[in-house]
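> my questions concern the predicted model and sequence given below.
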Amino acid sequence: MLETSIFREYDIRGVVDKDFDKAGVTLLGQAFATKVHRETGSAKIVVGYDGRLSSPALEAALIKGMVAAGADVICIGCGPTPLLYFASHALKASGALMITGSHNPPEFNGFKMVIDQKAIFGNDIKEIETLINTGDLITAEGGQHSSQSLHNEYVQCLTTDFSDHYGDISLRVAWDPGNGASGEVVQDILAQIEGEHYLINGEIDGTFPAHHPDPTVEENLTQLVELVETLECDFGVAFDGDGDRIGVVDDKGRILFGDQLMALFSEEVLETHPGATIIADIKTSQRLFDTIKDLGGEPLMWRTGHSHIKKKMREIQSPLGGEMSGHIFFADRYYGYDDALYAALRFIGIMNKKGIKLSQWIDALPPVFNTPEIRIPCEELDKFEVANKIKACLDQEGVPYSDIDGVRVSTDKGWWLLRASNTQEILVARAEADSQEELDKSLDAIEYYLKRAGI
């Protein structure tokens with residue numbers, strides 16, 4: 001069983017035993033191995049899984065299908081998604097598949113896929129669904145599977161980069177992996193780097209007993225904020241369930257968003273890559289794009305979605321990309337994929353070099369008025385049709401806009417955004433301005449165009 005709804009834009013995801021079962025996952029494994037072999041001429045595939053209770057059984061079902069297609073499968077065990085990406089590079093695999101529900105509730109699970117070091121999404125995922133539905137699958141002898149841990153090599157890669165570029169770390173840092181798949185890696189990293197480090201929720205537990213593993217949601221950072229305040233830490237870092245998104249709180253307990261992190265990272269990256277193009281998604285603050293330009297870089301606004309950002313970075317050889325959601329992609333000194341643990345170490349190194357409190361850096365930023373993501377249910381109407389109706393209204397009224405991903409309307413004093421989510425039946429809105437009065441005007445505009453489109 002494989003429900004059509006699980007085949008999404010960026011991955012395959014759903015509720016275990018409701019949206020897919022083990023027999024369906026076996027077919028998925030065979031279809032993925034078929035696609036890998038046909039595209040690369042090889043079927044050396046690395047498989048990893050997160051800490052969810054359903055993951056080991058799904059791994060066994062997946063491997064069964066891959067082996068049936070004649071694949072050479074290397075199992076790296078439980079760990080964060082960036083460890084799978086690292087293993088794919090280290091083992092020179094033609095394909096890689098991570099079993100993970102990411103930041104979703106415990107009953108969910110899913111699959112993130114890579115072919116020839118490139119994340120597959122969109123039509124590629126639909127092609128896998130078609131291979132399954134048509135039965136156009138390779139069946140071959142000689143398939144095999146083995147186990148190989150790259151945990152130590154991955155930890156060494158991260159800590160070596162850290163020690164090579166940042167010395168004499170004197171910061172006090174709080175860490176919260178949220179009982180997600182990065183917990184064991186974080187523990188080993190902290191045993192090898194300088195500074196004072198305090199870890200909570202480091203045990204991998206797929207029931208997520210402490211809180212939901214999504215560091216972009218304020219309530220999920222409550223424990224981390226309390227730890228920072230109690231121990232007078234310089235800041236705290238948190239990760240999502242599979243370790244590819246980072247969250248940060250400052251010494252006053254305030255949450256930093258992805259664009260604020262990107263401003264810090266851009267400053268360092270542009271020192272060694274002057275004039276480089278830095279990519280951020282369409283939900284990002286205009287302040288980041290202005291900062292990149294002020295630093296001598298070329299800002300590029302691009303579509304939301306980790307797969308879209310990574311693809312664009314490869315196309316234009318960008319050394320850095322990021323999203324508001326906390327996906328940060330370093331091709332400077334690294335492989336160009338989203339690794340929250342690597343981003344955390346670079347963040348620590350940068351702040352240690354600055355020699356000031358994170359709160360001081362934040363307080364020195366120009367004031368800005370903005371909203372968080374506003375999620376608008378769109379279950380009874382086609383979300384993409386609604387977005388197209390809004391475009392038509394803007395065209396009719398002669399209002400200029402960017403249509404890279406939904407619509408982003410900019411003025412001299414701010415901007416507002418409406419886009420259809422690729423993962424949920426919702427529209428996403430966001431607005432920013434240089435005053436509360438201008439922000440209110442943008443929110444009125446969003447409401448006006450939603451009403452014109454039938455919401």
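In hand now; what should we look at?
> so the most far-flung residue of the chain relative to its centre, which of the three states?
What lies farthest from the middle of the chain is Glu141; by C-alpha atoms, centre = their mean that is 36.7 Å. For Glu141, the secondary structure call by DSSP: H, G, I helix; E, B strand; the rest coil comes out as coil.
> confidence score at it?
Looking at Glu141, its pLDDT reads 93.
> and if you look at Asp363?
94.
> now do the domain split for the protein, please.
What automatic domain parsing lists as the domains of the chain is 4-149, 151-366, 369-452.
> please verify my assumption that Asn179 contacts Glu203.
Yes: counting by C-beta atoms under 8 Å, Asn179 touches Glu203, with 6.2 Å between them. Yep, even glycine has a C-beta here, placed from its N, CA and C like the rest.
> excluding sequence neighbours, find me the nearest residue to Phe108.
In space, and not counting its chain neighbours, Phe108 is closest to Gly101: 4.0 Å by C-beta to C-beta, 6 or more residues apart in numbering.
> measure the one you found to Asp161 for me?
29 Å (C-beta to C-beta, to the nearest Å).
> between those two, which has more neighbouring residues?
Neighbour count, other C-beta atoms under 10 Å: between Gly101 and Asp161, Gly101 has more, with 26 against 17.
> kindly state the pLDDT recorded for that one?
pLDDT, Gly101: 94.
> how close does it sit to Ala57?
According to C-beta to C-beta, Gly101 and Ala57 sit 14 Å apart.
> show me the shaky parts of the stretch 151-300 of the chain.
Nowhere does the stretch 151-300 of the chain drop to pLDDT under 70.
> ok, which stretches of it are helices?
151-165, 183-190, 222-231, 258-272, 286-294 (DSSP state H, counting those that start in this stretch).
> so which of those gets nearest Asp251?
helix 222-231 (6.4 Å; C-beta to C-beta).
> in the closest one, which residues are buried?
Buried residues in helix 222-231, defined by neighbour count with 16 or more other C-beta atoms under 10 Å: 223-225, 227-228.
> what's the answer for stretch 9-28, then?
For stretch 9-28, a neighbour-count test (16+ other C-beta under 10 Å) marks 10-16, 19-20, 22, 24-28 as buried.
> from these, which land in strands?
Members of those lying in strands (criterion: DSSP state E): 12-15.
> okay, the residues you listed in TSV with pLDDT and distance to Ile125 next?
What follows is these, written out as TSV (pLDDT from 0 to 100; distance: C-beta to C-beta, whole Å):
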residue	pLDDT	distance to Ile125
Ile12	94	7
Arg13	94	11
Gly14	95	13
Val15	96	18
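> widest-spaced pair of the residues you listed?
Ile12 and Val15 (12.4 Å).
> now do the contacts for His37.
His37 makes contact with 43, 69-71, 94, 138, according to C-beta atoms under 8 Å, 6 or more residues apart in numbering.
> repeat that for 7 Å
43, 69, 138 (C-beta atoms under 7 Å, 6 or more residues apart in numbering).
> put the buried members of those into a PyMOL selection.
Selection command for PyMOL covering only the buried members of these, criterion 16+ other C-beta under 10 Å:
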select buried, resi 43+69+138
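> and Met262, how far from Lys283?
Using C-beta to C-beta, Met262 is found at 12 Å from Lys283.
> Leu190 contacts Ile200, doesn't it?
No: judged on C-beta atoms under 7 Å, Leu190 makes no contact with Ile200 at a distance of 12.0 Å.
> before we move on, the earlier item: more neighbours: which of Met262 and Lys283?
Taking other C-beta under 10 Å, Met262 and Lys283 do not tie; Met262 has more neighbours (29 against 23).
> output the ones in strands among the buried residues of stretch 9-28 as a markdown table; include the columns distance to Trp175.
Output for those, formatted as a markdown table (distance: C-beta to C-beta, whole Å):
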| residue | distance to Trp175 |
| --- | --- |
| Ile12 | 30 |
| Arg13 | 27 |
| Gly14 | 31 |
| Val15 | 30 |
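> closest one of those residues to Met113?
Using C-beta to C-beta, these come closest to Met113 at Ile12, 7.7 Å.
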